[in-house]
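# got a predicted model here, sequence first, then my questions.
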Amino acid sequence: MLIIFGLLIFFILLAILVYVFGEYIAWIYKDEAKSKSSLPKWLKWINKLEKPFSSIENMIYKFLNLNEEKEMNWKKYLYSLLVFNFLLFTLLILIFKYQNILPFNFLNLEGMSWDQAFHTASTFVTNTNQQHYGGEILSTFSQIFGVGLAMFLSAATGLALAPAFTRGIQNEQNDKLGNFYKNVIKGSIRFLFPISFILGLFLITQGSPQWFGGEIIVNTIEGIKQSIRIGPVAGVEAIKILGTNGGGFFAANAAHPFENPTILSNIVLNLVLLASPMAVIYAFGIWLGKRKHGIILISALFVIFVALLSVSVIGELQPNQAFATIEESGLSVNQQIGNMEGKEMRFGPTLSALWAVSTTSTTNGAVNSMHNSFTAMGSIGPFLAMAMNCLFNGIGVGLLNLMTYIIICVFIAGLMIGRAPQYIGKQIEWREVKIAALIILLLPVLVLLPTSLAVITKAGTSAMNNPGFRGFAEVLYEMFSAAANNGSGFEGLMDNSVFYNSLNGLIILMGRYLPIFGQLLIAGYLADKKIRPETEGTLKVENFSFLILFVGVMIIIGGLIFMPALAVGPIAEMLGGM
């Protein structure tokens, strides 16, 4: 009962944070998204921030010689995004490869191999942050100008897509979606930088170090000297969580006491982790002048989230059956509070399961426990969350992912009621449905085909340390993490190899940019259409019936497609009693 009460308090705080973040993000892009709503009265003071923010942005536009008023159609928007990301990708490869000759390498660390640099650059430029290395092998320069820079710019890239897609719905026979560079700059200056700064200060108060250095030497209670890595941990941790990034400064990620020092920091980080992508969905409703629609969309995904969380929490509150053989040998393991393998004592099974489902229900991927130590039942939640393309997905891009499913949902609803599919005044035709279907089918292709390749080749199987169902689950999770741009790891898999670095790097890039291509194409098609007035026969998107229909579409199309693969992984392991 205490667990349920604690989770209810957490969800209430989450709702408040989503509301505040959502109203603020809607204000940031009110002109770019052609918003039909304004700030509520108690938040009108935010308008006073317009002048100082505009001054900073205008200086950046002038420095870059950027014409921020020049708007782009979907092709130019996509081209600008790809060029911007390619330049960042190239910079990251060079930084990671040649960090040994770059400044601020206080510990004389070596550069990465080409395949590892390729994978690491791919994962950070795409907001995935899947790490085939321990964070401690990066120099201070690499952490700041490689990881930190990429975390801000990849998040800003995703955030810039939300108002562009909204313009596609709001426009009437006007193919202009806004200016990509302007949207990136506004999202960075007004949201990512200030909120990260506040979150970073909070983490410093909790004990996270923020230092421009390499390591400190301490005397342990055993009387020996130990070197402890330090650096700009609080700053990196803040944008890692806010920007749905997830890459850890340390190998232990958010289980490390420098990244996540206290229970309070754990709760706050978990709240922000979920709130940033959810807030963009709420902001979408504000832009449309339909706040209730934004709430309905979040509620539909939240219903699925709570179901997955329930499965994982129940699974982790059970004893770990793998300890049965230890007890048979005469040793005892106290499992009264549940499965504590791979978990921090300060968090326990419930907060660990909450974080695990949260991080896989977004594209964050940060971990505060080791997912490979979860019971088979406990691991089903994270698996299914990624099977539905990380539910809330990433900041900004989560809205585009949601729209893909909505198009299919509206199409099915149109078939059911015998009317032409229509969404927010725009008729949904065969082109949009085909593209949406292809985007949804891309995830299983990018997960299942590479998984098959990995389990039939020596290069893939040689990295597996666990036999049977758990070994297969490790490979499946690795591909899910890459294709869904999540980045978390089941671990146990020796994935720092030419095979996995190269394969996963390509999967990550395709999993990020192919859907964006299709989603911007859909936005372009919608922008060229007339806006039709709502009638009695129009599908209502602000009622409970739409919520139920949308949940059903997400589960049937998103989740069940992976059931055969999961049946020979965590489900088979669970049924086997492990």
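Sure, I can see it.

# now the helices for the stretch 151-300 of the chain?
Listed in chain order, the helices of the stretch 151-300 of the chain (DSSP state H, counting those that start in this stretch) span 180-187, 193-206, 233-242, 263-287, 291-316.

# may I see the buried residues of the second one?
Right, helix 193-206. By neighbour count, and taking 16 or more other Cβ atoms under 10 Å as the criterion, the buried residues in helix 193-206 are Phe193, Ile195, Ser196, Leu199, Gly200, Phe202, Leu203, Ile204, Gln206. Every C-beta, even on glycine, is put in place using the N, C-alpha and C of the backbone.

# ditto for the first one
Of the residues in helix 180-187, Phe180, Tyr181, Lys182, Asn183, Val184, Ile185, Lys186, Gly187 count as buried by neighbour count, 16+ other Cβ under 10 Å.

# what secondary structure does the residue lying closest to the second one once chain neighbours are set aside sit in?
Distances taken as Cβ to Cβ, 6 or more residues apart in numbering place Leu66 nearest to Tyr181, at 5.6 Å, with adjacent residues excluded. In terms of secondary structure, Leu66 is coil; the call rests on DSSP: H, G, I helix; E, B strand; the rest coil.

# give me the number of residues near Leu66?
Using other Cβ atoms under 10 Å as the criterion, Leu66 is surrounded by 15 other residues.

# could I get the phi/psi values of it?
In terms of degrees, to the nearest 10, the main-chain angles of Leu66 are phi -110, psi 130.

# so Thr140 makes contact with Glu215?
No: using Cβ atoms under 8 Å, Thr140 is not in contact with Glu215, being 10.5 Å away.

# between these two, which contacts overlap?
Counting by Cβ atoms under 8 Å, 6 or more residues apart in numbering, the common neighbours of Thr140 and Glu215 are Phe106.

# which SS class is the spatially closest residue to Ile571 that is not a sequence neighbour?
For Ile571, ignoring the flanking residues on the chain, the nearest one in space by Cβ to Cβ, 6+ apart is Ile380 at 7.0 Å. State at Ile380, reduced to three classes by three-state DSSP: helix.

# quick one, what contacts Ile380?
Listed by Cβ under 8 Å, 6+ apart, the contact set of Ile380 reads Leu308, Val311, Ser312, Gly315, Leu566, Pro570, Ile571, Met574.

# what is the neighbour count of Asp31?
Around Asp31 sit 12 other residues, with neighbours defined as other Cβ under 10 Å.

# roughly how far does Asn174 sit from Glu71?
Counting by Cβ to Cβ, to the nearest Å, the gap between Asn174 and Glu71 amounts to 9 Å.

# now swap in Asn108 and tell me
Distance, Asn108 to Glu71, by Cβ to Cβ: 49 Å.

# got it, and Leu539?
Taken as Cβ to Cβ, the spacing of Leu539 relative to Glu71 amounts to 30 Å.

# neighbour count for those two, which is higher?
Leu539 (21 against 18).

# got phi/psi on that one?
Torsion angles at Leu539 (phi, psi; degrees, to the nearest 10) stand at phi -60, psi 120.

# go ahead and confirm it touches Ile412.
No: with contact defined as Cβ under 8 Å, Leu539 does not count as touching Ile412 (10.4 Å).

# intersection of neighbour lists for those two?
Counting by Cβ under 8 Å, 6+ apart, nothing touches both Leu539 and Ile412.

# and for Met345, the neighbour number?
The local packing count at Met345 equals 7, with neighbours defined by other Cβ under 10 Å.

# what does it show for phi and psi?
Dihedral angles of Met345 (phi, psi; degrees, to the nearest 10) stand at phi -60, psi -30.

# wait, Ser142 sits on Tyr98?
No: the pair formed by Ser142 and Tyr98 falls short of the contact definition of Cβ under 8 Å, at 9.8 Å.

# so between these two, which is more surrounded?
Shown here are Ser142 and Tyr98; by other Cβ under 10 Å, Ser142 has more neighbours (24 against 13).

# ok, now which ones touch the more buried one?
Shown here is Ser142, whose contacts under the criterion Cβ under 8 Å, 6+ apart are Ile95, Phe96, Gln99, Leu102.

# go again with 7 Å.
With contacts defined as Cβ atoms under 7 Å, 6 or more residues apart in numbering, Ser142 is in contact with Ile95, Phe96, Gln99.
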